[in-house]
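Visitor: Build me a model from this:
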Amino acid sequence: MDEKIAANGIKVLGLLSGGLDSHIATKLMVKLGYDVTVMNFMSPFCNCTKKSDSCKSAAHKIAAEEGISIKTAFMGDEYLEIVRNPKFGYGSGVNPCLDCRILMFTQAKEAMNEIGAKFIFTGEVLSQRPMSQMKERLMRIEKETGLEGLIVRPLSAALLEPTIPEKEGWINRNEMLAISGKSRKVQMEVGREMGIPEENLCSSGGCLLTDRQFSLKMKDLIGHTESTNVKDARLLQVGRHFRLNESVKVIVGRNMADNEKLEKMAGEKDTVITIKNFTGPFVIITGRPENGVNEIAARIAARYATAPKTAEVECEFTDMSTNATSIMTVRPLPDEEVEKYRI
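Guide: All right, here's what the predicted structure looks like:
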């Protein structure tokens, strides 16, 4: 039997991040004749390589080029709770990679059943990522999601145990690849052979939770709040962050783009500071600034205004819940004092 002909009409669901590995896996499955639908997952922590071309739009572009359907899923509050309390722990930062993959595959399983797909395929590469792509971890994900034998990994399938699709004759092992390890040299060569443009021969941007500096901010947030929402997570990506006490944090815009974002993101429980007599940052205070904390916040804000170190800087406080305002005049906090509060 011609295995390529056997693939025709078999509906499958692929996980497509928009990075090179999942791009290759998707092109391969389309080439082999499967009826492919892909699913793109987004989270508040996506860190795309190309800021002008998000992971979502990259995945949609690939789907359009291949003429296949795409589903988009956003991992929001449920994912944030996993970040706070991961069952399988963190990686080098606050990245709960195994728990994250389990959540993805749980949602993908629902989508697979909805569209009547026979199995799921991914761009995972054996031994590429220590937290989620070692063999034992791959098998753990399948067990935790009830997808044992139903996840095909075309880039490494020739190195893994036969899956149900292979045993059923839905795929041919000889048409799968045998890639392993962290190097993407082989993927780049395969990508070129497939006609993937040179500018797309890179990995996806990854996850901010693996970034050391961002991890510090996330740990601080988790350590000082009882719950976390998407807005909290997105605020971590904007501005300079300072912890004043157990309940109060200050976020200072670094540039015009930050200032505009912070102005839009300020909530009704926040207090904001604007500089009146110099050009300065937009500042958000989360929590209630009491017992002198507001003076420290104002002096930090003044430090980042275009004011001399000894100047008197007028800081306007606005309570976002009441729109009540007040003015405080302060001198900029010295750099060595500012650093004591920086997260």
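Visitor: Where does the closest residue to Pro154 other than its chain neighbours fall, secondary structure wise?
Guide: Spatial nearest neighbour of Pro154, excluding adjacent residues (Cβ to Cβ, 6 or more residues apart in numbering): Ala25 at 4.7 Å. No exception for glycine: its C-beta is placed from N, CA and C like everyone else's. For Ala25, the host element (DSSP states H and E) is helix 20-31.
Visitor: Can you show me the strands along the stretch 201-343 of the chain?
Guide: In the stretch 201-343 of the chain, the segments counted as strands under DSSP state E, counting those that start in this stretch are 240-243, 249-252, 271-275, 283-286, 313-319, 325-330.
Visitor: export these to a markdown table and tack on mean pLDDT, distance to Lys167 and mean neighbour count?
Guide: Below are the strands of the stretch 201-343 of the chain laid out as a markdown table (pLDDT from 0 to 100; distance: least, Cβ to Cβ, whole Å; neighbours: other Cβ atoms under 10 Å):
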| stretch | mean pLDDT | distance to Lys167 | mean neighbour count |
| --- | --- | --- | --- |
| strand 240-243 | 98 | 52 | 20 |
| strand 249-252 | 98 | 54 | 25 |
| strand 271-275 | 97 | 61 | 21 |
| strand 283-286 | 96 | 54 | 25 |
| strand 313-319 | 97 | 65 | 19 |
| strand 325-330 | 96 | 70 | 14 |
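Visitor: Out of the ones you listed, flag the one nearest Tyr90.
Guide: strand 240-243 (19.9 Å; Cβ to Cβ).
Visitor: quick one: contacts of that closest one?
Guide: If you take Cβ atoms under 8 Å, 6 or more residues apart in numbering as the criterion, strand 240-243 is touched by 217, 220, 224, 249-252, 254, 300, 304, 338, 341-343.
Visitor: 7 Å instead?
Guide: Residues from elsewhere that reach strand 240-243, judged by Cβ atoms under 7 Å, 6 or more residues apart in numbering: 217, 220, 249-252, 254, 300, 341-343.
Visitor: got any ranges where the chain has weak pLDDT?
Guide: Applying pLDDT under 70 to the chain flags the ranges 1-8, 48-55, 202-205.
Visitor: how's it carved up into domains?
Guide: As recorded under automatic domain parsing, the domains making up the chain are 3-207, 238-341.
Visitor: of all those, which lies closest to Thr228?
Guide: When those are compared by Cβ to Cβ, domain 3-207 sits nearest Thr228, at 4.6 Å.
Visitor: Give me the distance from that closest one to the chain's centre.
Guide: Taking Cα atoms, centre = their mean, to the nearest Å, the mean C-alpha location of domain 3-207 is offset from the chain mean by 15 Å.
Visitor: what does stretch 290-307 give?
Guide: Relative to its chain's centre, stretch 290-307 lies at 32 Å (Cα atoms, centre = their mean).
Visitor: Check the separation of the first and last residues in stretch 263-272.
Guide: One end of stretch 263-272 sits 9 Å from the other (Cα to Cα, to the nearest Å).
Visitor: Kindly report the same for stretch 295-311.
Guide: Using Cα to Cα, the gap from the first to the last residue of stretch 295-311 comes to 15 Å.
Visitor: can you pull the buried residues of it?
Guide: 296-305, 307, 311 (16 or more other Cβ atoms under 10 Å).
Visitor: Rebuild these as a markdown table, extending it with distance to Asp21.
Guide: Shown next, in a markdown table, are those (distance: Cβ to Cβ, whole Å):
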| residue | distance to Asp21 |
| --- | --- |
| Ile296 | 47 |
| Ala297 | 45 |
| Ala298 | 49 |
| Arg299 | 48 |
| Ile300 | 43 |
| Ala301 | 44 |
| Ala302 | 48 |
| Arg303 | 44 |
| Tyr304 | 41 |
| Ala305 | 46 |
| Ala307 | 50 |
| Ala311 | 53 |
